[in-house]
Every structure is written in C-alpha cells, then in structure tokens.
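Q: Kindly generate the corresponding structure for this input.
(4 chains)
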There are 2 protein chains.
Amino acid sequence: MEDSGISSLIASLENRDRLSAEEKAALEALNWRFRDFPRGTEIIRDRSRPAESCLIVQGFAVRAGYLRSGQRQLTALLVPGDFADLHGLLLKVMDHSVIALTDCRIGFVDHAALRRLSADHPHLWRLFTLLLTIDASIQRTWLVSIGRRNPASHLAHLICETHLRLFSVGRARPDEFELPIGQADLADLLGLSVVHTNRTLQELRAQNLVRWRGGTVHLPDRKALAALAEFDPIYLHLDPERR
Amino acid sequence: MEDSGISSLIASLENRDRLSAEEKAALEALNWRFRDFPRGTEIIRDRSRPAESCLIVQGFAVRAGYLRSGQRQLTALLVPGDFADLHGLLLKVMDHSVIALTDCRIGFVDHAALRRLSADHPHLWRLFTLLLTIDASIQRTWLVSIGRRNPASHLAHLICETHLRLFSVGRARPDEFELPIGQADLADLLGLSVVHTNRTLQELRAQNLVRWRGGTVHLPDRKALAALAEFDPIYLHLDPERR
DNA sequence: CGCTAGGTTGAGGTACGTCAAGCTAAGTGG
DNA sequence: CCACTTAGCTTGACGTACCTCAACCTAGCG
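A: Okay, the predicted model is just below:
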C-alpha cells in the first residue's frame, strides 16, 4: 500500500470516528507540500503569522517555550499524524515555536484550503477541532505530571503515552518503539536537569521497566510501567465514537 | 444595564472579534439555566458524560487532576466568561473534574442547543473554537511556568495573567482585583507545597509587588511584577482580529 | 588515531518538602 | 460580652530531592 504521506493523520482520525471514502479522498486531494527538516531546526517561528498549517509526517517535533535565561520547556511532543499548528488557523499569531526534535518530514497545507475543506466537510472540521481538543487534554495531563508526579513516574508516564500514541497510528510494536532523542531534550520535556534525567532513567532501567538503546525504547513490562506512572489513557480519547 | 448573566462571555468574545447584534441576541436567547455552587463543590465530575456545557458567570472555578496519593494539580483557573467544558461537547467523556474554587454562579446550556447555534451562526462557532484554542495556549504557558520558572516568577506570572484576564472582562480595576482563595488552593495551582507558597508570597510582599489581604489582590507596581514574571500577554490573544 | 557529542559519575550546595507548633481572626454558644 | 472552637496563615527545624559543576567515559566518525 502506497503511503501518500498523510496515512498517520487518517489513522489518527479513524481512531476517533469513522471516515467516509469521500472524506479520505478530500484529505488526500489537499495541496500538500512536503519538506524535510533536519533535527534541531525551527519548523515554525514564535510570533510568526503562518498562512499554512503543518502536519508531522515522519519523525518527532516539539512545541517549545523559552525563558530569558535560555532555559526552555517543551510543551508538546508531536508524532506522525499530529498537526503542529492547527490552532494557527484561529490564533493568527503563533505564541510558541515548533522545532524538529529528530530529522522529520512535514506536510504543509494552506489555511485557505483547510477552510474550504471545512466548509465542504463539516464532519472533518469537527474532527480537526477534536484533535485540537485532545491536544489540550494531553497538555492538562502534562501539567499534572510536571506539577505533582515524581520524576520516575513522570518519565514512565511520558513513555506510556508516547508508546500508545505511536501505536495508535501504526508506528510502534506492542513492546517497543523508536524515539531517537537525547537526554538533554528528554530533560526539557520533563522539566528536569540533564543529570537528574539520566539518573531517573537509570532508576527505571534498574527496575527493568525500560531499555533505551540507540534510539529504540523497549518496554519489558508495560503493566508495571503503567502502574508506576498511574497511566490511564482515557485522556487520549482513542475510543471511536460518533462525533 | 441589566446583566443577563452572560455579559462576561460576550465581553470575552468581543475582545477577540466583533459580534453582530444578531449574534449577541442568539447567545442571550439560549436556554441558560443558572445554578449556584458553594466553594469546594464539584461542578462537573471526572468521567461523566455531560449533555450540557457550563459557563462561569460569577466567581472562580478550577480544573483539577488527582493522583492516587491524593495530591492534586489544578490545570486551569476559570474566570467569569470562561466555558469550563466546551470541550465536553467533542470529547464525550470528561477526563478531569471542575471544582468551584469560590462560591460561584454557573450557567448551563445543552449541547444540542450549542450545536444548533453553531449551525446557524458559523462565526460564533469559530469563536467558540477560538476560546478552546486560547485555553490551550494558556495551558502551554502554564507548562513553561511550572516546569522552568522559579516559584516567585511563577506566582507573579499567575497574578499578572489572572489580573489581565479579569480586567479584559471588566472584573478588575487597573491595580487590584478580587481573588478570594486560600494559600492551599494557590499551592495546588502552582504545584508547590503550602509552606513554600506562603514563603513565596512573602517574598513578593517584601519586594512590594503584591498586597493580598481579605480576598483582594493589590498590585502596587505592575511593571515590576510583569518584569519578574517575564509576562508577555500575547498568548491570551486579546487583540481583536477578523476570525 | 584523534575528535566530538552525548552519556555517566561524584561531590557539594540549595531550594524545596515535611512535620509540628504557634499565631490570628472570624464564628459560635454560654 | 466573653470563653471556646476552627480554619487558615505563619514560623522554625530538619531532611531530601533536585541542581550545578566538573570530570570522565563511551561510541561513532573522520
């Protein structure tokens, strides 16, 4: 089966509701422009006024917030099938930047085209809004993680979430997935220092909950990992319902 | 001027785009049901499947996430004019609860009525989606605050944000506003212990940045407070644009 | 073989949490 | 009007989880 580049988006939508053949065709028919970004480069600049939205096709990106001190906090981990800035369509001005965390391939569509699509296919527009909303749910969960979970539980939670999100778009095996990122970036995801991130990872390794080598994460005991994380996937809203 | 109960919602929308007289009338004409909640009570239960959305009319509410240990992190501070669970319309199942932080008055509207309103007034629906999106922007900012700001800066940021949000719906004076909440709740907003929250407040008081007595917050030096917080209100998207 | 980026380790400091007690102001019953 | 209670704020003492700095190790790569 040929991958048009947006298969993960379609998978992501189909996890939430049925798509008609017409809807899928309309998505495919959009004027997608694909572009590769090497890791570390900026995909969308803070304060810019993009005229297009962008979809993660391959690889990982992040939303990043900076302080004047140079410290940064990553506020989202974007995986294939995620729109990085669907909200740009409504907000006009970006209030954060999007960075390629690994080499990645991004698909761009004009806002105008998305608006036309929404007008013609209100159901698709509802599903896009749903994606926005799920994004917000994830952020709420991250707030709880960063505010109240201990580092080991927080890291475990991040791993469970990422695994499930990737799995749901066909990008993970039941007990492992690719996540070729360094501990410095992991630290910025967790809101910890690099050193403590390293020690937290070792803690999970010592309990045989995670093996992480060469960019692939292996989960020998998902049950125990989920228990440590108090991971309850309801907030990902992966159960298809009529919406 | 008579306050129909939704004046803050209208103010909030008008901060982002012009509303026509018809649109305002349509909002007023919705079948609002108003109900008072004493502080500490649950307005929406986690895991419930609400058939209506609720609007904060008066007072303050919060979104809350809990861990098994009983610890909680508040993930949003809801002020008059905010919808507490507009996302409930799309998500079906609530993934967090909403609690009255102070005594408050809540307005309920059926999802069905909102759907009809959206169909008849697509522009209003776009603005509702915008509110959802701004909500998410605020959450991203909170993630940065909680992850990377020091407690004093974080608290200063929360105060600046709350002041501006209240001011934008006509509920604050230029240098003070009502926020009748205790330090225990403030701690759950910040992700700190009560003791440290208390000491952080004292720190701001000592620098003459905040006076907080009897439920009213007074800001003798907003400039300096904003500087400490590195507060940049762009993420609140309060500039009216055509959307 | 040397260089580099990233992972790992140790030592030491500090900012936070916890526990427990004391304080204050508002409310309640005599 | 005054004891008594109560909830919330404040303080101090102490422990610890996390940060910082600096060195070292390792694996890839030229």
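Q: Let me know the next secondary structure element after the helix or strand bottoming out on mean pLDDT in chain A.
A: The helix or strand of chain A with the lowest confidence, counting by mean pLDDT, DSSP states H and E, is helix A:88-91 at a mean of 91. Per DSSP states H and E, the first helix or strand lying C-terminal to helix A:88-91 is strand A:97-100.
Q: Could you pull up the mean pLDDT of that next one?
A: The average pLDDT for strand A:97-100 rounds to 97.
Q: Repeat that for stretch A:125-136.
A: Stretch A:125-136 shows an average pLDDT of 96 in the prediction.
Q: Are the longest helix belonging to chain A and chain B in contact anywhere?
A: Ranked by number of residues, the top helix in chain A under DSSP state H is helix A:122-148. Yes: interface with chain B: helix A:122-148 contributes A:126, A:129-130, A:132-137, A:139-144, A:146-148 (Cβ under 8 Å from any Cβ of the partner chain). Every residue, glycine included, has its C-beta placed from N, CA and C.
Q: for chain A, what spans make up the strands?
A: A:33-37, A:42-44, A:52-58, A:61-66, A:72-78, A:97-100, A:104-110, A:176-178, A:211-213, A:216-218 (DSSP state E).
Q: As TSV, these with mean neighbour count would be great.
A: Listed next are those as TSV, based on neighbours: other Cβ atoms under 10 Å in any protein chain shown:
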stretch	mean neighbour count
strand A:33-37	14
strand A:42-44	18
strand A:52-58	22
strand A:61-66	22
strand A:72-78	24
strand A:97-100	22
strand A:104-110	20
strand A:176-178	17
strand A:211-213	13
strand A:216-218	15
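Q: Make CSV out of those strands and add distance to residue B:82.
A: Shown next, in CSV, are the strands of chain A (distance: least, Cβ to Cβ, whole Å):
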stretch, distance to residue B:82
strand A:33-37, 36
strand A:42-44, 27
strand A:52-58, 26
strand A:61-66, 22
strand A:72-78, 20
strand A:97-100, 27
strand A:104-110, 31
strand A:176-178, 37
strand A:211-213, 40
strand A:216-218, 38
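Q: Can you check which of those strands gets nearest to residue B:29?
A: strand A:52-58 (34.1 Å; Cβ to Cβ).
Q: how about the residues of chain A near DNA strand D?
A: Remark: the part of chain A in contact with DNA strand D comprises A:150, A:151, A:191, A:192, A:193, A:195, A:196, A:214, using Cβ under 7 Å from any atom of the strand.
Q: Not counting its neighbours along the chain, what's nearest the residue nearest the centre of chain A?
A: Ranked by distance to the mean C-alpha position of chain A (Cα atoms, centre = their mean), the top residue is residue A:78 at 2.4 Å. Sequence neighbours aside, residue A:61 is the residue nearest to residue A:78 in space, at 4.3 Å (criterion: Cβ to Cβ, 6 or more residues apart in numbering or on different chains).
Q: in the sheet, who's paired with the one you found?
A: Beta-bridge partners of residue A:61, counted by DSSP bridges, are residue A:78, residue A:100.
Q: ok, now which ones touch it?
A: Contacts for residue A:61 (Cβ atoms under 8 Å, 6 or more residues apart in numbering or on different chains) come out as A:37, A:43, A:78, A:84, A:98, A:99, A:100, A:101, A:104, A:106.
Q: at 10 Å what do you get?
A: A:37, A:39, A:41, A:43-44, A:54, A:74, A:76-80, A:82, A:84, A:98-102, A:104, A:106 (Cβ atoms under 10 Å, 6 or more residues apart in numbering or on different chains).
Q: Distance from the least confident helix or strand of chain A to the middle of the chain?
A: 18 Å (Cα atoms, centre = their mean, to the nearest Å).
Q: Thanks a lot, see you next time.
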